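*Asks:* I would like the atomic coordinates for the input below:
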Amino acid sequence: MSLLVCWVAFPLLLGALALGWGLAVERASGAALPRALLVPVGLAAIVVGAGLLTASDATAEAATPVVAAAGGLGLLLGLRRLRPGWAAAAGVGAFAVFAAPIVLSGGATFAGYIKLDDTATFLAMTDRVLDHGRSLAGLPPSSYEAVLDVNLAHGYPVGSFLPLGIGSKLTAQDPAWLFQPYLAFLAGVLALAAYALLERVVPSTRVRALAAFVAAQPALLYAYSLWGGIKELAAAALLAVAAAAAAAAPARGARAALPAAIAAAAVLDVLSPAGAVWLVPLLVAAIALRGARVAGVGVAGAAVFGAPALVTIGDFLRGANTESFTSGSELGNLVRPLSFLQALGIWPTGDFRFTPPRTGQTYVLVAVVMACALAGLTWALRRRAWSLVAYTASALVGAAVFDGAGSPWVGAKALAVSSPAFVAAAGAGVAWVFSSGRRVEASALAAAIAGGVLWSNALAYHDTTLAPRGQLRELEQIGERFAGDGPALMTDYQVYGARHFLRRLDPEGASELRRRLVPLANGQILQKGASADIDQLRLDGVLVYRTLVLRRGPAGSRPPSLYRRVWHGRWYDVWQRPAHGGRAILEHLALGDAGQAGAVPPCNEVLRLAKRGTLATVERGAEIEAAADGSFVVPRRARYEAWIAGSFRGQATVRLDGRRLASDRDELNWTGLSTSFGSADLSPGRHRIEVHVSGPDWRPGTGGTGYGVGGATLSPDDPDRPVELVPPSQARSLCGKRLDWIEALAPQP
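*Replies:* Below you'll find the predicted structure:
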């Protein structure tokens, strides 16, 4: 996937549609919106419009063409309003900061891989909702169907996914490659909204743009973006939009409440009706400043536009695990509850779950933000900049309620959503100091706040975990090529395959959410996160699946004899059995173990199987594991494929006998998986393999810890091992041979 399409064409298209919708909402409201709010209000309108259309299966497919047509029409009718200024600079700057971890990696991918697998679920819902809404009618049982049933069918809020899905359809690109550009786009929208909120307290457009740029990237929110925090970023952006739109509405005229009503409804679509907690302070401010009539119209409009979220609240509450929302022991993927101080925007550590190593400097910088925020709110009150005050009150109430009454996992999300408000208020405080004539002091405060935020985000950038694009791109190709050839089975833990890329093959993961149990040979079930060789699974559980999508590895067994390999890649092979027919397998005897896919069978077992019918088997060469010093002995001349276990961040280079074999970078694997580094012809005798992984550098993800390469294995490079059929009378010819497995076959039908 071209970086140009992902990071230029997609955001420009989405920005143009949002601008068109913003211009249309402005015209409908009868009151001019600040230019900085046109794109943010337009994005909120896209969320609301698409939410209404996808509420029903009958209208879901119309969402994309309607959004495109209305956006285009609005753009044509309001082109005269296009005058980019410093607000646009703030938005583009925020977009660039959030884009950096992916763009500077050099490939189209996304962040948060292995840290959290929620992104796979988000992609699954994005796939479905733009075509069928929440309906699961017609979906065969699969891991994809199961994850949708757990979420879509139980009222999970989908507002944050809708613009991503529409952009994916219009650009004909998989949403996985657009996921991170979309998060960066949301950060740009947040910066634009912050710019509008600061207008009354920061007169200088340049200073205001800088303050908005910093406010859009508080450390905790930035860290969540590197964990796939689509709801957190969307909610943070739309909450700021709602506050700014409410302030922009004239004191009279019910139509003028339309932008604020749309933004409030978008918050509900993103957060579910629980998002109303964040909106209460905005409502109080609207009643005080605009009157009960205008505020009432805004509430009624928000209820109508937010109807898709409101009508699903019953399903959501019935299907939700309430303990995960309220239990004080529910940490999710955290290691401890977060500190409320993290909402103040500065937390200089690579992983936000831990205390920064330089606690002294951290607390000093946090204290600066707190003091400046209090000063900024005082300044805003004096200048009657009620929008900033209401926005900060909304953030404080939301963070306090959910952090205090919710589980630590929910509380952490609330702190992330609220954090831009406090940094924006601190920017207003710096502006107050500057306007009072103390420019040196103001410059020092601005440098401390901006420096602390950027320092925090630079560390998070360095510690991010990037999804291995090569692996996932193969799964995307498999999903397109073999669509309809299901059901399919994956034996490695790969949620992005089972929940997203292979969705048209009715896929199931052996250790994923599944409708069919695929037991191991010992009768147990593979635990979540684990991977298994195909020969470790019980035969009757495997044969249910027409297609096998198997992760390649040094000790990977060939599937049962009914299957033929129909596609070969670096990371995955695809095997299929006939849709109908084929010789029945009476018994399958697996040989070897987890480290060696093959062994010499006892001759009495061979003869026992021969009494049942014709034997099918596959000869298997032995894998060679390198010693700790990298040395290994080759018994005979052959071509061997080199495998390195584990994961690596940065560049890994493999050398055989001092000569470079191959290099690769940023390959994260789940436990027990390996990466191929190509093949080489080796002569009999002693050889040496060396693996060098580059240290931390300027590239994203290279500063993290917790991942490392394991041992090296050399496997015979003979992936097309044929199945040999042996008549019972010749069964003894197999005694003493090293075999992958042996099967007893029924007579030919």
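*Asks:* for T614, which non-adjacent residue is closest in space?
*Replies:* Of all residues beyond its chain neighbours, the one nearest T614 is L745 (4.7 Å), with distances taken as CB to CB, 6 or more residues apart in numbering. From N, CA and C alone the C-beta is placed, and that goes for glycine too.
*Asks:* next one: Y391
*Replies:* In space, Y391 comes closest to A243 once its chain neighbours are excluded; the distance is 3.6 Å by CB to CB, 6+ apart.
*Asks:* give me the element that neighbour is part of.
*Replies:* Assigned by DSSP states H and E, A243 falls within helix 230-248.
*Asks:* helix or strand right after that helix?
*Replies:* Secondary structure here is assigned by DSSP H and E; on that basis, the next helix or strand after helix 230-248 toward the C-terminus is helix 258-271.
*Asks:* what's the distance between Q651 and G497?
*Replies:* Relative to G497, Q651 is positioned 26 Å away (criterion: CB to CB, to the nearest Å).
*Asks:* between the two, who's got more neighbours?
*Replies:* Looking at Q651 and G497 with other CB atoms under 10 Å, you find the greater number of neighbours at G497, namely 30 against 16.
*Asks:* how about that one, phi and psi?
*Replies:* The phi and psi torsions at G497 (degrees, to the nearest 10) take the values phi -80, psi -50.
*Asks:* how near is it to T355?
*Replies:* G497 sits at a distance of 36 Å from T355 (criterion: CB to CB).
*Asks:* let me know the angle separating the longest helix seen in the chain from helix 258-271.
*Replies:* With secondary structure taken from DSSP state H, the chain has its longest helix at helix 408-435. With axes from the mean of the first three to the mean of the last three CA atoms, to 10 degrees as the basis, helix 408-435 and helix 258-271 are set at 140 degrees to each other.
*Asks:* what's the mean pLDDT across helix 408-435?
*Replies:* For helix 408-435, mean pLDDT is 95.
*Asks:* tell me which helix or strand comes right after it.
*Replies:* helix 439-463.
*Asks:* so which bits of that next one are buried?
*Replies:* Judged by neighbour count (16 or more other CB atoms under 10 Å), helix 439-463 contains these buried residues: 442, 445-446, 448-450, 452-463.
*Asks:* please identify the helix or strand for R665.
*Replies:* Of the helices and strands defined by DSSP H and E, R665 is found in strand 659-667.
*Asks:* actually A532, not the one I wrote
*Replies:* Residue-wise, A532 maps onto no helix or strand under DSSP H and E.
*Asks:* sec struct for N522, please.
*Replies:* Here N522 is recorded as coil under DSSP: H, G, I helix; E, B strand; the rest coil.
*Asks:* run a quick neighbour tally on it.
*Replies:* Using other CB under 10 Å, N522 has 7 other residues around it.
*Asks:* show the pLDDT at it.
*Replies:* Here the pLDDT value assigned to N522 is 88.
*Asks:* ditto for the one 3 residues further on
*Replies:* We have a pLDDT of 90 for I525.
*Asks:* need the contact list for it.
*Replies:* Contacts were defined as CB atoms under 8 Å, 6 or more residues apart in numbering; by that measure I525 touches 517-519.
*Asks:* that one: helix or strand, and which one exactly?
*Replies:* Going by DSSP H and E, I525 is not part of any helix or strand.
*Asks:* now it. Its backbone dihedrals?
*Replies:* Phi and psi for I525, reported as degrees, to the nearest 10, are phi -110, psi 140.
*Asks:* quick one: it from L517, how far?
*Replies:* I525 sits 6 Å away from L517 when distances are taken as CB to CB.
*Asks:* elements contacting the longest helix of the chain?
*Replies:* Applying 3 or more CB pairs under 8 Å, 6 or more residues apart in numbering; DSSP states H and E, one finds that helix 408-435 contacts helix 175-197, helix 205-215, helix 219-225, helix 230-248, helix 322-326, helix 359-382, helix 386-405, helix 439-463.
*Asks:* and these as JSON lines, adding mean pLDDT?
*Replies:* Compiled in JSON lines, those are given as follows (pLDDT from 0 to 100):
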{"stretch": "helix 175-197", "mean pLDDT": "97"}
{"stretch": "helix 205-215", "mean pLDDT": "96"}
{"stretch": "helix 219-225", "mean pLDDT": "98"}
{"stretch": "helix 230-248", "mean pLDDT": "94"}
{"stretch": "helix 322-326", "mean pLDDT": "61"}
{"stretch": "helix 359-382", "mean pLDDT": "96"}
{"stretch": "helix 386-405", "mean pLDDT": "93"}
{"stretch": "helix 439-463", "mean pLDDT": "96"}
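*Asks:* what is the burial count for A260?
*Replies:* Applying other CB under 10 Å, we find 33 other residues in the vicinity of A260.
*Asks:* swap in C372?
*Replies:* C372 is flanked by 28 other residues according to other CB under 10 Å.
*Asks:* hang on, isn't it packed against A426?
*Replies:* Yes. Between C372 and A426 a contact is recorded at 3.9 Å, counting by CB atoms under 8 Å.
*Asks:* shared neighbours, the two?
*Replies:* With CB under 8 Å, 6+ apart as the test, C372 and A426 both reach I449.
*Asks:* how about A254: what's its closest non-neighbour residue?
*Replies:* Nearest one to A254, counting by CB to CB, 6+ apart, is V297 at 4.1 Å.
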